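**Q** Predicted coordinates and the sequence they were generated for:
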Amino acid sequence: MKRNYSPFKGPFLDSYSIGFRLYQTGEINWRHRTIAGVSWNGEEQEAFFFNPDGLVLPLKPNPWELPELIRINAVRREFSSIHGTGHFAMKEGRRAELKSLGLTDWVTYWLVDQSAGYANDPAVWQRITEQDLAEEKTASERLHRELKLTSDLSGYVNECLAQQRELLAVKHRRRCVEDSKILAWLKGETPQPLFTSTQEAA
């Protein structure tokens with residue numbers, strides 16, 4: 001017997017709190033945390049969400065809200081299709097069995113135009129950095145005027161820009177490391193142990 005309610009709000013539940021989300025135009029998007037599409041069985045209310053690399057994400061669908069998200073965001077669809085690989089993908093035995101039946105109940109939807117790229121890409125991050133630094137330059141020049149600082153304007157602005165550039169670089173490195181860990185996890189790769197021996201842990 002199917003439930004007639006959902007125990008959570010929103011079109012999907014990110015039960016690991018990784019931060020998976022749809023591509024956000026005009027915002028910073030990270031490749032392995034972006035929901036690129038979903039394979040959906042509307043009859044059984046089962047779904048497999050996947051990222052731009054086709055790796056399945058560990059998300060639970062809300063069958064009462066997911067159809068609306070699909071209706072608003074789908075850019076293309078493929079009937080009788082289940083997309084996605086990796087640790088959280090549909091198991092091969094079940095997929096083969098469903099293929100023999102024709103996969104009639106399944107439709108794969110690709111969601112949201114992703115033409116702006118991802119912050120993992122150095123060229124995209126360069127554009128993001130340049131835009132941020134342009135805004136920082138304007139803000140620091142305004143602040144220098146408003147506070148009526150006696151220091152040299154160009155020196156003050158250059159110092160602010162250098163600090164902001166370093167903050168952005170640190171943030172980017174940290175996020176890239178985190179995203180690569182998410183990628184390995186989605187693939188089902190076992191991370192190296194934190195300590196290689198009990199002596200290191202001591």
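**A** Good, I have the coordinates. These numbers come from a predicted model, not from an experiment.

**Q** Now the residue at minimal distance from the centre of the chain, what are its backbone angles?
**A** What sits nearest the mean C-alpha location of the chain, by CA atoms, centre = their mean, is Arg33, with 2.0 Å. For Arg33, the backbone dihedrals are phi -110, psi 0 (criterion: degrees, to the nearest 10).

**Q** Do I have it right that it meets Asp53?
**A** No - Arg33 lies out of contact with Asp53 (CB atoms under 8 Å); the separation is 11.6 Å. Every C-beta, even on glycine, is put in place using the N, C-alpha and C of the backbone.

**Q** Residue ranges of each domain in the chain, please.
**A** 12-111, 122-187 (automatic domain parsing).

**Q** Could you look over the ones you listed and pick the most buried one?
**A** domain 12-111 (a mean of 16; mean count of other CB atoms under 10 Å).

**Q** can you tell me the distance between the two ends of it?
**A** Distance across domain 12-111, first residue to last, is 14 Å (CA to CA, to the nearest Å).

**Q** one step back: export the domains of the chain to a markdown table and tack on mean pLDDT?
**A** Shown next, in a markdown table, are the domains of the chain (pLDDT from 0 to 100):
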| stretch | mean pLDDT |
| --- | --- |
| domain 12-111 | 95 |
| domain 122-187 | 93 |
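
**Q** still on that earlier bit, so what sits against both of Arg33 and Asp53?
**A** Shared contacts of Arg33 and Asp53 (CB atoms under 8 Å, 6 or more residues apart in numbering): none.

**Q** Give me the distance between the two termini of stretch 137-156.
**A** Span of stretch 137-156 from end to end, CA to CA: 10 Å.

**Q** any idea how far that stretch is from the chain center?
**A** Put simply, stretch 137-156 sits 37 Å off its chain's centre (CA atoms, centre = their mean, to the nearest Å).

**Q** Report the distance from the top helix by length along the chain to the chain centre.
**A** Secondary structure of the chain per DSSP state H: the longest helix is helix 153-187. How far helix 153-187 lies from its chain's middle: 17 Å, per CA atoms, centre = their mean.

**Q** residues touching Gly117, list them.
**A** 29, 123-124.

**Q** give me that answer again for 7 Å
**A** Gly117 is in contact with Val124, counting by CB atoms under 7 Å, 6 or more residues apart in numbering.

**Q** okay, it: pLDDT?
**A** On the pLDDT scale, Gly117 is placed at 89.

**Q** Over to the one 4 residues further on?
**A** pLDDT recorded at Asp121 is 93.

**Q** which residue sits closest to it, ignoring its sequence neighbours?
**A** Distance criterion CB to CB, 6 or more residues apart in numbering; nearest residue to Asp121, sequence neighbours excluded, is Arg31 at 8.0 Å.

**Q** ok, so what distance separates the one you found from Leu167?
**A** Separation of Arg31 from Leu167 (CB to CB, to the nearest Å) stands at 22 Å.

**Q** now Leu153
**A** Separation of Leu153 from Leu167 (CB to CB): 21 Å.

**Q** try Leu133
**A** Distance from Leu133 to Leu167, by CB to CB: 11 Å.
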